[in-house]
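**Q** Predicted model, plus sequence, below.
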Amino acid sequence: MFYKKCHGLWALRFPDVIIDGKTEDFIGHVFSKLSDEQHEKYNGNREALFGYVREQITEYKRRYGMLD
């Protein structure tokens with residue numbers, strides 16, 4: 001998801017992918033919760049990974065009453 005640009009500076013590997021809504025707080029949380037098996041499953045399959053991330057963010061928003 002991220003790559004190191006220089007000392008202490010990281011950037012999105014796929015900046016063209018947009019996840020709708022205010023999701024910055026949830027993205028890091030979703031990635032921190034990925035299991036080793038999920039890392040293997042989504043390795044090289046960015047569409048599936050972003051689909052999973054979108055589902056998880058929608059669930060968090062639903063849980064915290066943030067959906068429109």
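**A** Ah, there it is.

**Q** now the strands: where do they sit in the protein?
**A** Secondary structure of the chain by DSSP state E: the strands cover 2-6, 9-12.

**Q** quick one: strands adjacent to the shortest one?
**A** Okay, so that is strand 9-12. strand 2-6 (antiparallel) (DSSP bridges).

**Q** Can you pull out the low-pLDDT segments for the chain?
**A** 1-3, 12-25, 64, 66-68 (pLDDT under 70).

**Q** max-length helix in it?
**A** helix 46-63 (DSSP state H).

**Q** Now it: buried residues?
**A** 49-50, 52-54, 56-58, 60-61 (16 or more other Cβ atoms under 10 Å). The C-beta positions use only the backbone N, C-alpha and C, and glycine is treated the same way.

**Q** And stretch 35-44, by the same measure?
**A** Buried-residue list, stretch 35-44, by 16+ other Cβ under 10 Å: Tyr42.

**Q** which residues touch it?
**A** Applying Cβ atoms under 8 Å, 6 or more residues apart in numbering, the external contacts of stretch 35-44 come out as 34, 48-49, 52.

**Q** Tell me, how many residues neighbour Val30?
**A** 20 (other Cβ atoms under 10 Å).

**Q** mind checking how far Gly65 is from Thr58?
**A** 13 Å (Cβ to Cβ, to the nearest Å).
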